[in-house]
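Student: 3D, please:
(4 chains)
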Protein chains: 2
Amino acid sequence: MARAQFDKQQVLENASNAFWRLGYNATSMQTVVAETGLKPGSIYLAFGNKEGLFKESLDFYTQQSLAKLEAILTQYDNAEAAIPHILMNLINESCQTEYCSCFLVKSQLELNADQTELKEYVSQQLRKVETLYQSYFLKSHSEEEASARAASLMVHIFGIRVYGYHSHSKEQLIAAARIGLPWLIWPNNA
Amino acid sequence: MARAQFDKQQVLENASNAFWRLGYNATSMQTVVAETGLKPGSIYLAFGNKEGLFKESLDFYTQQSLAKLEAILTQYDNAEAAIPHILMNLINESCQTEYCSCFLVKSQLELNADQTELKEYVSQQLRKVETLYQSYFLKSHSEEEASARAASLMVHIFGIRVYGYHSHSKEQLIAAARIGLPWLIWPNNA
DNA sequence: CTATTTTTTGAATGATCACTCAAAATCTTG
DNA sequence: CAAGATTTTGAGTGATCATTCAAAAAATAG
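Tutor: Alright, predicted model coming up:
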């Protein structure tokens, strides 16, 4: 058996960057060909079709995101102390000029009712993030309280992802997060 | 001079519904032709091109949204009492099966850096909404406090719009809004 | 009614879309 | 190295895209 010659992780990174930046519909397979350097036939052999490539790109992005979150969550004694750190990273990101929000949030909103399968796939990835937070809250809270906190946190993260996409008022985002999530342990310095 | 024969408002309602539901890129002009009943030539004479039609669709949607908000805001003595009413409407909407989020939020996230002009146009519409809230807060707060409250409110609205697009847990959205926006005057009943 | 201006019609256009496939290249096995 | 299995190549396919335009219809002006 001849093995695949190209670096699949590298291809997925390039492809997911294109999908992330341009969106699913605006990213043509010709764009993917240009971004990855692969020829059409190779892409179709490895990923089946555009949907298949998109799904694997989503997986790639989600796995990376979850790993980053875990890395921070495990640095702290409890989730309530770790999350301000995560939120501050998020807000700082959103002030970069080349900021293009969150791949999952963008994809979720772009896909419509006629693309049920892909849309459901994105929802699954978003639920993985919510479930991660929930599992950390469960360490010191009831199931009900943990899921309420995770939902409230997700609403704030989504809000910051969208607000940050068109406005870059860092201080107001911090203020909104501090007021909106009073049960977190915020550091004293701004 | 021969006047336009078709009902422009009706055409814009149909067009903006298509753009809202499917997104800018996934809505072909052939779709618009089918949805509005107009022939291509008529659309291009009236709106110039796809971008022009999209902009007027955004205007149509924004004007309708702002009118609905004003209608509720003027029913109450102050914004802090009116906004829970608005948020409850939003949350109830987001639990409908055919819910497709907010046209402006979806458009903002769909448009990328290569479509600067359209993206900026959507940002303007979103700022109109934020400015409306801000103007109501200004009636009883400092400029600083008013803009902070408007920003925090927008973050919550965006968050609800996104969270509601993939999950329909009404009670948790209400809880998140109540905790996250404690300076609003919430009614006692759930 | 006639002349003029404007709108409507809808088939047609070139560009781009997702995707294919037969031939060539490359790898693994023995 | 030779045989067999797999991957790569890249021009090519039909479908769909945004848009055009000349001819027909309709509205207004005088």
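
Student: Near DNA strand C, which residues of chain A are found?
Tutor: Within chain A, the positions adjacent to DNA strand C are A:1-3, A:5, A:27-31, A:40-41, A:44, A:49-51 by C-beta under 7 Å from any atom of the strand. (C-beta placed from N, C-alpha, C; glycine too.)

Student: wait, which of those residues is closest to DNA strand D?
Tutor: A:Gly41 (2.2 Å; C-beta to the nearest atom of the strand).

Student: Just give the number of residues close to that closest one.
Tutor: When neighbours are counted by other C-beta atoms under 10 Å in any protein chain shown, A:Gly41 registers 8.

Student: Let me know the helix or strand that the closest residue to A:Phe137 other than its chain neighbours is in.
Tutor: With sequence-adjacent residues excluded and distances taken as C-beta to C-beta, 6 or more residues apart in numbering or on different chains, A:Phe137 is closest to A:Ala146, at 3.6 Å. Under DSSP states H and E, the secondary-structure element containing A:Ala146 is helix A:143-166.

Student: Now that helix - C-alpha only, PDB.
Tutor: Presented in PDB, the C-alpha positions along helix A:143-166 are these (Å, rounded to 0.1, in the frame of the first residue of the first chain):
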ATOM      1  CA  GLU A 143     -25.600  19.700  37.700                       C
ATOM      2  CA  GLU A 144     -28.300  22.300  37.400                       C
ATOM      3  CA  GLU A 145     -26.000  25.100  38.500                       C
ATOM      4  CA  ALA A 146     -23.200  23.900  36.300                       C
ATOM      5  CA  SER A 147     -25.300  23.800  33.100                       C
ATOM      6  CA  ALA A 148     -26.700  27.300  34.000                       C
ATOM      7  CA  ARG A 149     -23.200  28.700  34.300                       C
ATOM      8  CA  ALA A 150     -22.000  27.100  31.100                       C
ATOM      9  CA  ALA A 151     -25.000  28.400  29.200                       C
ATOM     10  CA  SER A 152     -24.500  31.900  30.600                       C
ATOM     11  CA  LEU A 153     -20.800  31.800  29.800                       C
ATOM     12  CA  MET A 154     -21.500  30.600  26.200                       C
ATOM     13  CA  VAL A 155     -23.900  33.500  25.700                       C
ATOM     14  CA  HIS A 156     -21.200  35.900  26.700                       C
ATOM     15  CA  ILE A 157     -18.600  34.200  24.600                       C
ATOM     16  CA  PHE A 158     -20.900  34.300  21.500                       C
ATOM     17  CA  GLY A 159     -21.700  38.000  22.300                       C
ATOM     18  CA  ILE A 160     -18.100  38.900  22.500                       C
ATOM     19  CA  ARG A 161     -17.300  37.000  19.300                       C
ATOM     20  CA  VAL A 162     -20.000  39.000  17.400                       C
ATOM     21  CA  TYR A 163     -19.500  42.400  19.100                       C
ATOM     22  CA  GLY A 164     -15.700  42.100  18.600                       C
ATOM     23  CA  TYR A 165     -16.200  41.400  14.900                       C
ATOM     24  CA  HIS A 166     -17.400  45.000  14.100                       C
END
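
Student: tell me the mean pLDDT over that helix?
Tutor: Averaging pLDDT along helix A:143-166 yields 96.

Student: Repeat that for stretch A:33-40.
Tutor: pLDDT averaged over stretch A:33-40 gives 96.

Student: is that stretch anywhere near DNA strand D?
Tutor: Yes - Stretch A:33-40 is in contact with DNA strand D by C-beta under 7 Å from any atom of the strand, via A:38-40.

Student: Secondary structure for those residues - can I get that in JSON lines?
Tutor: What follows is the residues of stretch A:33-40 next to DNA strand D, written out as JSON lines (DSSP: H, G, I helix; E, B strand; the rest coil):
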{"residue": "A:Leu38", "secondary structure": "coil"}
{"residue": "A:Lys39", "secondary structure": "coil"}
{"residue": "A:Pro40", "secondary structure": "helix"}
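
Student: picking that back up, check the residues of chain A next to DNA strand C one by one and keep those near chain B.
Tutor: Contacts with chain B within the residues of chain A next to DNA strand C, as defined by C-beta under 8 Å from any C-beta of the partner chain: none are present.

Student: So which of these are in helices?
Tutor: Those of the residues of chain A next to DNA strand C mapping onto helices are A:29-31, A:40-41, A:44, A:50-51, per DSSP state H.

Student: Give the ChimeraX command for selecting the buried subset of those.
Tutor: Command for ChimeraX that selects the buried part of those, burial taken from 16 or more other C-beta atoms under 10 Å in any protein chain shown:
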select /A:50
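
Student: quick one: which of the ones in helices among the residues of chain A next to DNA strand C is nearest to chain B?
Tutor: Nearest to chain B among these is A:Thr31, at 11.0 Å by C-beta to the nearest C-beta.
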